[in-house]
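>>> coords please:
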Amino acid sequence: MNGNAVYNLSDPLLLNVLNELESEADTIFNAIPFDLRISQILLEAESGVASPFIFDTEHHQVELPSKTDVFTSWWSEHVESRHDYEPVKVSNILSNQASMLYTPDDLEMYSVVHGNKENEFLPWDSTKHGEVTLVIKTSSESFDSHALLDIMNADSHPFSDIVVMLTGKAHSPATQAHQDDIKSANVGTPVITQLRLPDKTRLDICEADVSTQWFMIVGDKYSIAEDMELLVTPDGSNRPLQGGVDSNSEHCLDYKVCRDTMARAHLVYPELDLYFLSSDVLYNTEMRDSFCNYLTSPKYEKDSQLTPFRHGVDASDTVISTQYFAFLYKRNTVHSTYVIKDQAKLGIGRKFNKRTAVTAFENNVEDAYSNDDSVAIPMVSRKYSLL
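Numbers count the residues shown, from 1 in each chain. You can find the predicted model right below:
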């Protein structure tokens, strides 16, 4: 139960609960939101197990009086004695979308919706919002058509083109055969290949040959998530939703890889307080071009030399993706291009899943040099609300 409910004020059990709320007005229980407190009372009444105080009691020495006997007596009197009585009923008329993302399709079956209009988005439509390319950068010459099929193993996806950035030697028969094999993969989407430049692997994002308005880039250790979706604003501005993680939260501060990433991003924009995992970023190609020009500018070269460069972290994709947004914030163009939301609080789902453990390889172009990024940021699908 929550505030998104219809209450029967003639129900005897609810009247007992309301009297209890009034009696708790001058007690520590009043710190608990009323809808959560109602849920606690009913759960305690049914289970006979006291509900914990939801705030920190260790440092404030809060001692809660036991009310379990009272609550269970209500349950016995009003519920167990009446076999045809249900104190709480789930209704398909009501829907609580207050703390999650939703699309108009999610609301069709409901008459009353508790929600935040700022969290309403539309599914991506390439004819209206622009085509999206998927760039896959390979870590070895063993990548083939079967590996590509594994990555694209999803019922649906928003990509109109696939670019495979291959590791190999230019003009070699083996590389040509390799390219022909990958292009033969029956993935239902046009595939082109290009060779990765060994002296510029840190700038894979910049070297990717993309002709569409938008693109995403991942390593070959990923596969498209089954529930992957790109969302866009319904206001006609065609700004995609982009999730970021609060860099001042435990999801970042507890992980060295995130702290190091933010240190590099602050070279571009010191006020940045969001961390962007590269495999979840939808890049704007025009903005990418401007950003890459900046990365090769004397100004950035000078700034970056002020902080010691460490091969493992500083060459990672997530440093580049977070710096990309730092650059947009610096230019004051981020909010005209994207809608930025808290990835953890709203349950913005991952776009890709890791198929195998990620390890560092030549020039460390894989995400964040380790698996820390996968444990640092807990995610849930938007289809499930967050408590």
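>>> Any buried residues in the helix or strand where residue 204 lies, and which?
Residue 204 belongs to helix 204-207 when assigned by DSSP states H and E. Of all the residues in helix 204-207, those buried under the rule 16 or more other Cβ atoms under 10 Å are 204-205, 207. In short, each C-beta sits where N, CA and C put it, glycine included.
>>> same thing with stretch 11-26?
Buried, per 16+ other Cβ under 10 Å, within stretch 11-26: 13-14, 16-17, 20-21, 24.
>>> Same question for stretch 35-55.
37-42, 44-46, 51, 53.
>>> isn't there a helix covering residue 15?
Yes - counting by DSSP: H, G, I helix; E, B strand; the rest coil, one finds residue 15 located in a helix.
>>> Isn't it up against residue 9?
Yes - in this structure, residue 15 is within contact of residue 9 by Cβ atoms under 8 Å, at 7.5 Å.
>>> burial count for residue 213?
Using other Cβ atoms under 10 Å, residue 213 has 16 neighbouring residues.
>>> Ignore what I typed, I meant residue 123.
Neighbour tally, residue 123, other Cβ under 10 Å: 13.
>>> Now for the spatially closest residue to it that is not a sequence neighbour: which residues touch it?
Nearest non-adjacent residue to residue 123, counting by Cβ to Cβ, 6 or more residues apart in numbering: residue 103, 5.8 Å away. Going by Cβ atoms under 8 Å, 6 or more residues apart in numbering, residue 103 touches 120-123, 231.
>>> quick one: which of the residues you listed is most hemmed in?
Most surrounded of those: other Cβ under 10 Å gives residue 231, at 24 neighbours.
>>> List the residues that contact it.
Counting by Cβ under 8 Å, 6+ apart, residue 231 has contacts 101, 103, 121-124, 240-241.
>>> Let's see that with 7 Å instead.
Contacts for residue 231 (Cβ atoms under 7 Å, 6 or more residues apart in numbering) come out as 101, 121-124, 240-241.
>>> Restricted to strands, list the residues you listed.
Members of the contacts of residue 231 lying in strands (criterion: DSSP state E): 122-123, 241.
>>> between those, which is closest to residue 86?
residue 123 (36.3 Å; Cβ to Cβ).
>>> Mind pulling the model confidence for that closest one?
Looking at residue 123, its pLDDT stands at 90.
>>> Would you confirm that it contacts residue 228?
No - between residue 123 and residue 228 there is no contact under Cβ atoms under 7 Å: 11.3 Å.
>>> just to revisit the earlier point, how near is the residue nearest to residue 123 to residue 6?
25 Å (Cβ to Cβ, to the nearest Å).
>>> Residue 133 looks like it's in a strand, true?
Yes - checked against three-state DSSP, residue 133 lies within a strand.
>>> For burial, what's the neighbour tally of it?
Quick note: residue 133 (other Cβ under 10 Å) scores 24 neighbours.
>>> Show me the beta-bridge partners of it.
residue 161, residue 215 (DSSP bridges).
>>> That one reaches residue 158, doesn't it?
No - if you go by Cβ under 7 Å, residue 133 and residue 158 don't touch, sitting 10.2 Å apart.
>>> circling back to that earlier point, now, which of the buried residues of stretch 35-55 lie within helices?
37-42, 44-46 (DSSP state H).
>>> Can you tell me which of those comes closest to residue 143?
Nearest to residue 143 among these, with distances taken as Cβ to Cβ, is residue 39, at 51.0 Å.
>>> now the helices: where do they sit in the stretch 51-200 of the chain?
Along the stretch 51-200 of the chain, counting by DSSP state H, counting those that start in this stretch, helices occupy 68-75, 126-129, 145-151, 173-183.
>>> how about the longest one: buried residues?
I take that to be helix 173-183. 175, 178-179, 182.
>>> about what we covered before: now what about the helix holding residue 204, what contacts it?
137, 165, 196-197, 200, 217, 288, 292, 295, 320, 365.
>>> Narrow those residues to just the buried residues.
137, 165, 196, 217, 288, 292, 295, 320, 365.
>>> Buried ones in stretch 159-168, by neighbour count?
159-168.
>>> Any regions of the protein where pLDDT drops low?
Counting by pLDDT under 70, the chain contains low-confidence residues at 1-4, 54-64, 95-99, 104, 106-116, 198-202, 303-315, 356-387.
>>> Tell me how it divides into domains.
Using automatic domain parsing, the domain ranges for the chain come out as 12-80, 94-120, 126-376.
>>> burial measure for residue 76, as a count.
11.
>>> distance of it from residue 152?
In terms of Cβ to Cβ, residue 76 sits 57 Å off from residue 152.
>>> circling back: now the ones in helices among the buried residues of stretch 35-55 in JSON lines, with distance to residue 339?
What follows is those, written out as JSON lines (distance: Cβ to Cβ, whole Å):
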{"residue": "37", "distance to residue 339": "34"}
{"residue": "38", "distance to residue 339": "34"}
{"residue": "39", "distance to residue 339": "32"}
{"residue": "40", "distance to residue 339": "35"}
{"residue": "41", "distance to residue 339": "39"}
{"residue": "42", "distance to residue 339": "38"}
{"residue": "44", "distance to residue 339": "41"}
{"residue": "45", "distance to residue 339": "43"}
{"residue": "46", "distance to residue 339": "41"}
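>>> with those in mind, which one is nearest to residue 221?
residue 39 (41.8 Å).
>>> Which residue, neighbours along the chain excluded, lies closest to residue 70?
Nearest one to residue 70, counting by Cβ to Cβ, 6+ apart, is residue 20 at 8.0 Å.
>>> Alright, I will stop here.
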